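Visitor: task: produce atomic coordinates for the following.
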Amino acid sequence: MTVYVDNMEASFQPSHRPGRTYVMCHMIADTDDELHAMADKIGVARKWFQGDHYAIAKSQRALAIQNGAVALSMRDLSAMAMLKRWGRPMGDPTTARARLNIARKDARAERAETQPERQSKGLSR
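Guide: Reported below is the predicted structural model:
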């Protein structure tokens, strides 16, 4: 089981801290339990949990890496997150984008197979 952090550097200006700007990134894991355990370890509040990932500050990213998280590109982490959302294993980060492309092709093929059925019922896309 592994926790992953991406290299995104999005600016975030919280309304409760006028004048402050945080540099944010994402943290995901193979399981929610593992993700929450890492969040607790690096001091990230549960309110930052966004259903399948945490938005964390760059300083917390460094702590996560010190505590064993694997640093990934934003694209690789995004591909892994999409696979997980679609009910597929996140698997190896080095193949995540290729596997996501396969999953997209499968989904398109599945839609194409059901399209004639939808049209016969008077349904459109």
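Visitor: remind me which residues of the chain are low pLDDT?
Guide: When residues are selected by pLDDT under 70, those of the chain lie in 1, 116-125.
Visitor: state the phi and psi torsions of Arg17.
Guide: phi -130, psi 70 (degrees, to the nearest 10).
Visitor: and it, how many neighbours?
Guide: Close neighbours of Arg17, defined as other Cβ atoms under 10 Å, add up to 10. To be clear about C-beta, it is placed using only N, CA and C from the backbone, and glycine gets the same treatment.
Visitor: in this protein, which strand is the longest?
Guide: Longest strand in the chain by number of residues, with DSSP state E as the criterion: strand 22-29.
Visitor: what residue is smack in the middle of this protein?
Guide: Centrality entry for the chain: nearest residue to the mean C-alpha point is Ala81, 3.5 Å, by Cα atoms, centre = their mean.
Visitor: roughly how far does that one sit from Ala55?
Guide: With distances taken as Cβ to Cβ, to the nearest Å, Ala81 is found 12 Å from Ala55.
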